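Sequence isn't available, so here's the structure alone:
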Ligand SMILES: [Zn+2]
């Protein structure tokens, strides 16, 4: 989740030296981090949501950051971008045995995409009571009518993830 939070705040495409500073809050005293880190997100203009897909052996396959404003694409959510990149990297659309970690509860579109990808596990940070589709408003990921239901671990580092979003909207 630390990695997803880092992606949310710095974006996946910035040079390594740029992310070195914002990475520091991952260390001890990290609670003070989000305030400073969010400046980067403000520059990018997109709501800071980050996602990471890990392969069956735990290696990082792909990352995604919300790029809706950046790209003008209504579907450019962090989860969708990370899923697409992970599938491209694996050379197949099925992401069995993979895990997606995202800083915010997925929306209906992303939850649908996660089900379609056959991903095994979904871990998310902050709850999204207004649009969440992983337990808040809907529970697309665990709908028994669907033939695939990933394991869901909600609310991981919830406070830290929520703080980054609150800081952005303030
Ligand atoms: Zn979404």
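Great, that's in hand. These figures come from a predicted structure and were not determined experimentally.

what does the protein put close to the ion?
Applying Cβ under 5 Å from the ion, one finds that the chain approaches the ion through 77, 107, 109-110. Just so you know, the C-beta spots here come from the backbone N, C-alpha and C atoms, and that holds for glycine as well.

redo that, cut-off 8 Å
Residues of the chain lying close to the ion by Cβ under 8 Å from the ion are 49, 77-80, 106-111, 113.

most surrounded residue in these?
Neighbour count (other Cβ atoms under 10 Å) singles out residue 49 as the most crowded of the residues of the chain next to the ion, with 33 neighbours.

correct me, but it touches residue 65?
Yes. Residue 49 lies in contact with residue 65 (Cβ atoms under 8 Å); the separation is 6.9 Å.

May I have the phi/psi pair for the nearest residue to residue 11 once chain neighbours are set aside?
Counting by Cβ to Cβ, 6 or more residues apart in numbering, residue 65 is the residue found nearest to residue 11 once chain neighbours are left out, at 4.9 Å. Main-chain torsions, residue 65, degrees, to the nearest 10: phi -130, psi 150.

ok, now residue 103?
According to degrees, to the nearest 10, residue 103 has phi -80, psi -20.

For residue 84, see how far away it is.
In this view, residue 103 and residue 84 are 18 Å apart by Cβ to Cβ, to the nearest Å.

all helices for this protein, in order.
For the chain, applying DSSP state H gives helices covering 2-10, 16-23, 33-44, 68-71, 78-90, 108-117, 158-169.

Contact partners for the residue nearest to residue 11?
Neighbouring residues of residue 65 by Cβ atoms under 8 Å, 6 or more residues apart in numbering: 7-8, 11-12, 44, 46, 48-51, 78, 81.

Look up which residues are beta-bridged to it.
In this entry, residue 65 is beta-bridged to residue 50, by DSSP bridges.

Now list whatever residues contact both of residue 49 and residue 65.
Both residue 49 and residue 65 are in contact with 8, 78, where contact means Cβ under 8 Å, 6+ apart.

about what we covered before: residue 103 and residue 84: which has the busier surroundings?
The neighbour count for residue 103 versus residue 84, taken as other Cβ under 10 Å, is higher for residue 103 (31 against 18).
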